[in-house]
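Visitor: this is a predicted model, with the sequence first.
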There are 2 protein chains.
Amino acid sequence: MVVQRQIHLGAVPYGTGGPGSHTLWLDPEIPVDASVDIDWYAGVAALAERGKFDLLFIVDSQFITPYSPPHYLNRLEPLTLLSALAGRTERIGLVGTATTSFNSPFNLVRRFGSLDLISRGRAGWNVVTTGDAGTAGNYGLDDHYDYDTRYGRAQEYVELARALWDSYEDDAFVRDRETGVFLDRAKQHVLDHEGQYFKVRGPLNLVRSAQGHPVVFQAGDSDQGRDLGASVGEGIFTHAPDIPAGQAFYDDIKGRARDRFGRNPDHLVIMPGIKVVVGDTDEEAREIEAFNNDRDHTFAAALAEFGRPFGWHDFTQYDLDAPFPAETLELGRRSFYTQAKAITDRAVDNGWTLRQTVEATRYFRKSEFVGSATTVADKLVEWWEARACDGFNIGVDHPSNFQRVVDEVIPILQERGVYRADYDATTLRGHLGLPVPVNRHTAARAGAGVPV
Amino acid sequence: MVVQRQIHLGAVPYGTGGPGSHTLWLDPEIPVDASVDIDWYAGVAALAERGKFDLLFIVDSQFITPYSPPHYLNRLEPLTLLSALAGRTERIGLVGTATTSFNSPFNLVRRFGSLDLISRGRAGWNVVTTGDAGTAGNYGLDDHYDYDTRYGRAQEYVELARALWDSYEDDAFVRDRETGVFLDRAKQHVLDHEGQYFKVRGPLNLVRSAQGHPVVFQAGDSDQGRDLGASVGEGIFTHAPDIPAGQAFYDDIKGRARDRFGRNPDHLVIMPGIKVVVGDTDEEAREIEAFNNDRDHTFAAALAEFGRPFGWHDFTQYDLDAPFPAETLELGRRSFYTQAKAITDRAVDNGWTLRQTVEATRYFRKSEFVGSATTVADKLVEWWEARACDGFNIGVDHPSNFQRVVDEVIPILQERGVYRADYDATTLRGHLGLPVPVNRHTAARAGAGVPV
């Protein structure tokens, strides 16, 4: 059976603000406490599920100052939030961000395993190493780990997680009331992991879900980040300014997966984050975008968020019209360094001022996905057909706008046969076309005795 | 206004088995995978809420072997479970067990804070130090901490948690769309905690819930455990064989709270765990108990769980009819030592065999709360009036039995005016009659400037 390639969609709710929508909370459509209001999230999830989205994607951060933008100041922990949504949704995948730098593996693996069972196989884990260096201070460290340590930990952590999720083979629980046998003891497995960064005995006290393991997402863009994504990622959250850049990233990641790590590149779904604005006409959509940009993109808020890759450096202290202060790059060494370096290099190469540099970031860049529903659908299909991506993570900003995506854009994609008319799977792996991993112990036993 | 003293009730769902119900899963009324089935838990929660229970209490453990009893082998992580239930319940308190030995404070405090917001002020945290010494192996340690370290960490951890929950004063978020002011920056507070065990900078990126802080429960029975409960506990989960023992514990804990820690003893609610069996008559109830004991209390399962306080020592290797092997006490040094010591002392004093010792544990002891609905209600009121407790944590074992508690015993308590006819509060603190803690920074400011 040939499975028709499909567009995959994620919804990314930002609450009171987000990249490209710095002062979203000024929109009277949104509760001012949306970022901690479970009913607001449940409403977004219901809408996304009506649109047959593959997944809901929850981002995270754990470091704030009094000057942090609104959406950083007050936010629900992703796993708690998604567990609450599991009971209020039926089919949509639930992907949460969690760091391998500041969580004990056994705890986190257990929580994702529990979410996967509670949601009946809809959990996903966005593996991050934490870009906000200041977070280290919340976990007893004076400095954040260096890049190699961060990614070394992440690599070992994911492998360890998958091994723990395999603690029980799928038929380990006999549960025979006649004989009184609950467990086939040969099918519970101790791990005894001792690696470079972690030592974990196991077993995990949890059976696997309908999808075997939670789906692993990855979002880093450094060389180490790309290797991590290519080796263990099943979904990639990225950012691409245009089709050629998207294609270059797509080829690089899928090429690394195939050539360096011997993986099937179809088992890695690439979904850039995008901003969509829908209007009755292209012109009206551009007007809505301009109105929202005027309201949302107050320069002060953007300038505050601009400091994030530079370790949340305060850029208000510089003259906006003087050359970009390139010496600040060093402050990003243990933060989002790849991003800080790209910004700095571009500013220096172009001889930009600080103001020009801030205005050139993706927070200010005009989106390609602005227009009538037909125009937006055309653009989505164009990117996807060009293999600049396998789908999109659509930012949920203004509620009425996201509703138009669901009610007007989705039906066009469905009509063109590039997007599901209804869910045909119950798990996140099912939605994304990813295989259910065979339990390693079952595979080993089969490999030893029986041809497979 | 004088608030009438009321009986407080908790429901403790054990899933596929529990203390006093070792092979509960053999009951065809219960799904064989109840301990990982969110719908089963939601059903219990709905029933408890129909009975106007104060709270649902989720116990935990994280260490298993192939010989662990069924209810240890496969269980949902408590915070994930309770977050899922938050969206499927309206009023009942949600209390989860989490250890201060193997969670980073910032993570755990953030998760409980999130649960408290998601449930709109219904979260409770059962603070434990982990009795299963083998758990240490899942967190990179060769040995569990000694008792002093365990309780030293717990004490510092709870104080730290409460300080982090106070990161924002209640009116910190201005959110004025006219002026564009989101935060009153003077009302966000850095913690900069550096204690004996933990170093945490803060602030926590979460506002407080309707009840200020999650309610802190405690369950340890050692001298250190009692001091921890008396100093920081607001609820105590204990076990008492009879009224005099209950009274002695009650007086001890409330006395410590008042005399050693200067607390109002009414702000500490003591709720022993009990097993209830309801029948049409006392005789029928005793028959049901005998039938269930016969099915549940298979000696082999009880013998396996008997090893728990002794570091899950395997007692099947001894002659059941030889004197109790008292040298095993040493194996419990870093586990549930207080419990292991009490068992050993009693066995030695009485010259019991291993079989007699196992049969004398609370898992086998006949419950006082067995009889017709009237008899059970009488017993509950008798304990409560004698101040052997402030309420009870009732084990949810056989579904039809728990239904009889709700439908037959509760109405009698309501009629007698000792139990709420309906919820009159929306938060767990409200149910338990506990005050909402004033934010420490608000209090300090008020204390400095304005008389309060």
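Guide: Cool, got the structure. From a predicted model like this one, the values you see are computed outputs, not experimental measurements. Numbering: from 1, shown residues only, chains lettered A, B, ... in the order given.

Visitor: was I right about A:Gly134 contacting A:Ser61?
Guide: No - A:Gly134 lies out of contact with A:Ser61 (C-beta atoms under 8 Å); the separation is 9.7 Å. Placement of C-beta: from N, CA and C, glycine included.

Visitor: got any residues that touch both of the two?
Guide: Both A:Gly134 and A:Ser61 lack any common contacting residue under the criterion C-beta atoms under 8 Å, 6 or more residues apart in numbering or on different chains.

Visitor: my read: A:Asp142 touches A:Ala133, true?
Guide: No - no contact is recorded between A:Asp142 and A:Ala133 when judged using C-beta under 8 Å, the distance being 10.6 Å.

Visitor: more crowded one of these two?
Guide: Residue environment comparison for A:Asp142 versus A:Ala133 gives the larger neighbour count to A:Ala133, 22 against 8, counting by other C-beta atoms under 10 Å in any protein chain shown.

Visitor: contact partners for the more buried one?
Guide: Residues near A:Ala133 by C-beta under 8 Å, 6+ apart: A:Phe63, A:Asp143, A:His144, A:Gly311, A:Arg334, A:Ser335.

Visitor: list the buried residues in the helix or strand encompassing A:Leu164.
Guide: Using DSSP states H and E, the secondary-structure element containing A:Leu164 is helix A:147-165. Taking 16 or more other C-beta atoms under 10 Å in any protein chain shown as the neighbour-count basis, helix A:147-165 is seen to contain the buried residues A:147, A:150-158, A:160-165.

Visitor: between the residues you listed, which is closest to chain B?
Guide: Ranked by distance to chain B (C-beta to the nearest C-beta), these are led by A:Leu164 at 9.0 Å.

Visitor: ok, the closest one to B:Val215 distance?
Guide: 32 Å (C-beta to C-beta, to the nearest Å).

Visitor: same check on A:Gly10?
Guide: A:Gly10 is 36 Å from B:Val215, by C-beta to C-beta.

Visitor: please apply the same query to A:Leu204.
Guide: When C-beta to C-beta is applied, the distance between A:Leu204 and B:Val215 equals 29 Å.

Visitor: ok, those two, which is more surrounded?
Guide: Neighbour count, other C-beta under 10 Å: between A:Leu204 and B:Val215, B:Val215 has more, with 28 against 25.

Visitor: quick one, domains of chain A?
Guide: Per the record, chain A has its domains at A:8-162+A:210-284+A:366-448, A:298-359, by automatic domain parsing.

Visitor: which of the ones you listed has the lowest mean pLDDT?
Guide: When the domains of chain A are compared on average pLDDT, domain A:298-359 comes out lowest at a mean of 91.

Visitor: and it, is it in reach of chain B?
Guide: Yes - Domain A:298-359 comes into contact with chain B (C-beta under 8 Å from any C-beta of the partner chain), by way of A:Thr298.

Visitor: and that domain, end to end?
Guide: Taking C-alpha to C-alpha, to the nearest Å, the span from the opening residue of domain A:298-359 to its closing residue is 11 Å.

Visitor: now do that domain: distance to the chain's middle.
Guide: In terms of C-alpha atoms, centre = their mean, to the nearest Å, the gap separating the centre of domain A:298-359 from the centre of its chain is 24 Å.

Visitor: run a quick neighbour tally on the closest residue to A:Phe315 other than its chain neighbours.
Guide: Beyond its immediate neighbours in the sequence, the residue positioned closest to A:Phe315 (C-beta to C-beta, 6 or more residues apart in numbering or on different chains) is A:Gly307, lying 5.2 Å away. Other residues within reach of A:Gly307 by the criterion other C-beta under 10 Å amount to 23.

Visitor: A:Gly307 and A:Ala342: what is the separation?
Guide: When C-beta to C-beta is applied, the distance between A:Gly307 and A:Ala342 equals 15 Å.

Visitor: helix or strand for A:Ala347, which one?
Guide: Element membership for A:Ala347 (DSSP H and E) is helix A:337-350.

Visitor: output the strand or helix carrying A:Ala46 as PDB, nothing but the C-alphas.
Guide: Using DSSP H and E, A:Ala46 sits within helix A:38-50. Extracted C-alpha coordinates of helix A:38-50, given in PDB (Å, rounded to 0.1, in the frame of the first residue of the first chain):
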ATOM      1  CA  ILE A  38      -6.700  26.100  31.100                       C
ATOM      2  CA  ASP A  39     -10.100  26.900  29.600                       C
ATOM      3  CA  TRP A  40      -8.400  29.200  27.000                       C
ATOM      4  CA  TYR A  41      -6.000  26.400  26.100                       C
ATOM      5  CA  ALA A  42      -8.900  23.900  25.900                       C
ATOM      6  CA  GLY A  43     -10.700  26.200  23.500                       C
ATOM      7  CA  VAL A  44      -7.700  26.400  21.200                       C
ATOM      8  CA  ALA A  45      -7.300  22.600  21.400                       C
ATOM      9  CA  ALA A  46     -11.000  22.100  20.500                       C
ATOM     10  CA  LEU A  47     -10.600  24.400  17.500                       C
ATOM     11  CA  ALA A  48      -7.400  22.700  16.300                       C
ATOM     12  CA  GLU A  49      -9.100  19.300  16.700                       C
ATOM     13  CA  ARG A  50     -12.000  20.600  14.600                       C
END
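
Visitor: for it, the distance to its chain's centre please.
Guide: How far helix A:38-50 lies from its chain's middle: 18 Å, per C-alpha atoms, centre = their mean.

Visitor: how about stretch A:10-19?
Guide: For stretch A:10-19, the distance from its own C-alpha centre to the chain's C-alpha centre is 12 Å (C-alpha atoms, centre = their mean).

Visitor: before we move on, what SS does A:Met271 have?
Guide: Counting by DSSP: H, G, I helix; E, B strand; the rest coil, the backbone at A:Met271 sits in strand.

Visitor: wait, it sits on A:His8?
Guide: Yes - with contact defined as C-beta under 8 Å, A:Met271 counts as touching A:His8 (6.1 Å).

Visitor: common neighbours of the two, please.
Guide: With contacts defined as C-beta under 8 Å, 6+ apart, the residues shared by A:Met271 and A:His8 are A:Asp390, A:Gly391, A:Phe392.
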